[in-house]
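Turn this into a model:
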Amino acid sequence: MNLLKTATILLISLLAISVGSVYLGNIPNLLDYELLAPVFKVFFAVVIVCFVLGEVTRNTSQVDKIWSITPIIYAWQIAYLYNWNAKLVLVSVLITVWGARLTYNFGRRGGYSLKFWSGEEDYRWAVLRSKPGFSNPIVWFVFDLFFICFYQNALLLLLVFPMLTLTASAIKPVDIFLSIAFLLLIFTEYTADQQQFDFQTEKYRRINNKLPLKEYESGFIQTGLWKYSRHPNYACEQSVWVVIYLFSWAETGKFLNQTVVGAFLLIILFRSSSEMSESITVKKYSGYIKYQKTVGRFLPKLF
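As a prediction, the model looks like this:
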């Protein structure tokens, strides 16, 4: 990822929000700033804490640590503010299941420590800091504040905004169907993460014990779900939030409304994030280019 790509993401974000505001019609509860004030207070507090801790510790992964936590907080805040509407509680429970699983997965990979501001930093930030332009402390300061801390935290808030269309309705059969789809995606994402975790654990066990690598010699997983998608976990992660948006679609009867912005921007972010990850991976593993040609990024290649 370079400065141009980063700027493009931000511009597309602004454009998407503008289009949503002008053409997709107003969602009344989105304009209820007074009622939603507690949610926005948490949002701004999280942005400030992430930025300060990241700058002081030089560990930029502060947002990564709370990525699976703040949407849970926002969801339950909204459920509380709208008097524990049954559908809002249902969606809050689903988001809690999502967050608990993702928090566990992040923690077992070394993402957390007793000193919550420390822990493992995402390797991609170190690579990005070494790039021309980003190695400039002022540029990195601005990027950290506006993209890493503000933009990404804003995205996490936007992801739960479809809930604001569900504040005055009962649970319907379509909501049960969407809940089942959501849980199936969570299980599939868990399976993909577990397959990768098992592969990497066994690979490093063999390396550390000087054992033959055999099927682990390539260095990266190509079996299980990873035989059909280069990023099956990313595919499920994006789909999970599309399903959250579908709750809004089912409620409003509109295929597009303003609350689609969160899921839309998440898809853009994962596209850029996966490109950056793969640009690093191809330099580490000689067989990855062939893997790219035969296996789809998110969805299986049909031809």
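
ok, F298 - contacts?
S229, R230, H231, P232, Y234, A235, Q238, F270, S274 (C-beta atoms under 8 Å, 6 or more residues apart in numbering). (Each C-beta comes from the backbone N, C-alpha and C, glycine too.)

Now secondary structure, pLDDT and distance to A100 too, for those residues, in a markdown table please.
Shown next, in a markdown table, are the contacts of F298 (DSSP: H, G, I helix; E, B strand; the rest coil; pLDDT from 0 to 100; distance: C-beta to C-beta, whole Å):
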| residue | secondary structure | pLDDT | distance to A100 |
| --- | --- | --- | --- |
| S229 | strand | 97 | 24 |
| R230 | coil | 97 | 26 |
| H231 | coil | 97 | 22 |
| P232 | helix | 97 | 20 |
| Y234 | helix | 97 | 19 |
| A235 | helix | 97 | 20 |
| Q238 | helix | 97 | 19 |
| F270 | helix | 92 | 21 |
| S274 | helix | 91 | 24 |
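
In ChimeraX, how would I select just the buried ones from these?
Here is the ChimeraX selection string for the buried members of the contacts of F298, based on 16 or more other C-beta atoms under 10 Å:
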select :229,230,231,232,234,235,238,270,274
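
Which two of the contacts of F298 have the greatest separation?
Pairwise distances across the contacts of F298 (C-beta to C-beta) peak at 13.7 Å, for the pair R230 and Q238.

How is E215 assigned, secondary-structure-wise?
Recorded secondary structure, E215: helix (DSSP: H, G, I helix; E, B strand; the rest coil).

related to what we said a few turns ago, and the contacts of F298, which is closest to G296?
For the contacts of F298, the nearest to G296 is S229 (5.9 Å; C-beta to C-beta).

Report the helix or strand with the lowest average pLDDT across this structure.
Every helix and strand in the chain was compared by mean pLDDT, DSSP states H and E; the lowest is helix 3-23, with a mean of 58.

The lengthiest helix in the chain packs against which elements?
The single longest helix within the chain, with elements called by DSSP state H, is helix 173-208. In this structure, helix 173-208 makes packing contacts with helix 86-108, helix 232-252, judged by 3 or more C-beta pairs under 8 Å, 6 or more residues apart in numbering; DSSP states H and E.

In the first one, which residues are buried?
Looking back up the chat, that one is helix 86-108. Neighbour counts over helix 86-108 (16+ other C-beta under 10 Å) mark 87-92, 94-95, 97-99, 101-103, 105-106 as buried.

name the helices or strands packed onto that helix?
helix 70-81, helix 173-208, helix 232-252.

Just the buried residues of the second one, please?
So that's helix 173-208. Applying 16+ other C-beta under 10 Å to helix 173-208 flags 175, 178-179, 182, 185-186, 188-190, 192-193, 195-196, 199, 203 as buried.
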